[in-house]
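# Just need the structure, nothing else, for what follows:
(one chain, ligands or ions: 1)
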Amino acid sequence: MAVNRPKPLVAGNWKMNGLKAAAKELALLVKAVAGAKSKPRCDIMICPPATILSLCAETARGSGIKLGGQDCHTEISGAHTGDISAEMLKNAGARACIVGHSERRTDHGESNSEVKRKAEAAHRAGLMAIVCLGETAAERSLGKTIKIVGQQLKASLPEGADHKNCVIAYEPVWAIGTGKTPTVADIAKVHGYIRKRLIALLGDETGMKIKILYGGSVKASNAKELMGISNVNGALVGGASLKAKDFLGIIAAY
Ligand code: PGA
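Model (predicted):
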């Protein structure tokens, strides 16, 4: 198979963390990236809470660091109290939106088909969709990882997915925020499988180019090993994205 590694993406998901003062961490990140001797060898993204997205967009302006939302509604607008549309995220400065994060799937009962519609809403608004997949600890212990990930991929992938509008993030649920990670061999196996399925679903060219991020307890100390695994094209980072220093340690893996 031709080696055509997509440019990696290191994306930070701040989850429900961050008041206005958190933009200072982003400012530190901007300063460090601008002051570095060489350009980062990966794309960098931060997905802050929607309440400070505009502020973060101002902070990151001109830095090359992109911003994303953490979730979106399927509709453009309407009577959906508390929800946020992809168009609103775009308007506030986002270039991408995470959809189907396991915390959304668990806390809000989001199904694969809803995740797919959310990814399509992101595309409608001109945002890249970061589609999250991953098995639970129980599914893993039953040996169902590949089956679950395959089902989620097929049913969550938006119509018209390509390497410009779509990124896949494999995040084993049991590895999120726990400090536990799968073995290198396990990650290689799942990412290899996702790559194979993407090629089968979307054809060689697109299937090879779509980035597949790994997420779940990525930190500076394990980033180099994890990012070096075949078919791992970057990271989706939770806890270690909250402090610029920690996040820079992950970016430095490239
Ligand atoms: P974590 O979260 O890095 O804190 O494990 C990852 C994620 O949920 O995206």
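
# What segments of the stretch 101-250 of the chain are strands?
128-133, 166-170, 211-215, 234-237 (DSSP state E, counting those that start in this stretch).

# Pretty sure V173 sits against A138.
No: contact criterion CB atoms under 8 Å: V173 and A138 do not qualify, at 9.3 Å. Quick note: C-beta positions are derived from backbone N, CA and C, even for glycine.

# just to revisit the earlier point, which one of the strands of the stretch 101-250 of the chain lies closest to L29?
Taking CB to CB, strand 234-237 is the member of those nearest to L29, at 12.2 Å.

# Just the CA coordinates for that closest one, please, in CSV.
Output in CSV follows, covering the C-alpha atoms of strand 234-237 (Å, rounded to 0.1, in the frame of the first residue of the first chain):
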residue,chain,number,x,y,z
GLY,A,234,-2.6,12.6,15.4
ALA,A,235,-4.3,12.8,18.7
LEU,A,236,-7.5,14.0,20.3
VAL,A,237,-6.5,15.2,23.7
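
# near the ligand, anything from it?
Yes: Strand 234-237 reaches the ligand (CB under 6 Å from any ligand atom) through 236-237.

# do stretch 199-213 as well
No: using CB under 6 Å from any ligand atom, stretch 199-213 stays clear of the ligand, coming no nearer than 8.9 Å.

# Which positions in that stretch come out as buried?
The neighbour-count check on stretch 199-213 (16 or more other CB atoms under 10 Å) flags 199, 202, 206-213 as buried.

# Check stretch 129-144 too.
Residues of stretch 129-144 classed as buried: 129-136, 139-140 (neighbour count, 16+ other CB under 10 Å).

# Return the distance of that stretch from the chain's centre.
In this view, stretch 129-144 has its centroid 15 Å away from the chain centroid, taken as CA atoms, centre = their mean, to the nearest Å.

# Do me a favour and get the end-to-end distance for it?
26 Å (CA to CA, to the nearest Å).

# Count the residues that sit near the spatially closest residue to K209 that is not a sequence neighbour.
Distance criterion CB to CB, 6 or more residues apart in numbering; nearest residue to K209, sequence neighbours excluded, is H163 at 3.6 Å. When neighbours are counted by other CB atoms under 10 Å, H163 registers 17.

# Give me the phi and psi for H163.
Taking degrees, to the nearest 10, you get phi -70, psi -20 for the backbone angles of H163.

# partners of the residue in the stretch 1-150 of the chain that the ligand sits nearest to in the sheet?
Nearest to the ligand in the stretch 1-150 of the chain, going by CB to the nearest ligand atom, is N13, at a distance of 4.5 Å. Using DSSP bridges, the beta-bridge partners of N13 come out as C47.

# How about the contacts made by it?
By CB atoms under 8 Å, 6 or more residues apart in numbering, N13 lies in contact with 47, 70, 98, 101, 215, 236-238, 241.

# can we see that at 7 Å?
47, 70, 98, 236-238, 241 (CB atoms under 7 Å, 6 or more residues apart in numbering).

# Please convert these to TSV, extending it with distance to F247, neighbour count and pLDDT.
Output for the contacts of N13, formatted as TSV (distance: CB to CB, whole Å; neighbours: other CB atoms under 10 Å; pLDDT from 0 to 100):
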residue	distance to F247	neighbour count	pLDDT
C47	12	29	98
Q70	16	23	98
I98	16	28	98
L236	12	27	98
V237	7	28	98
G238	11	21	98
S241	5	27	98
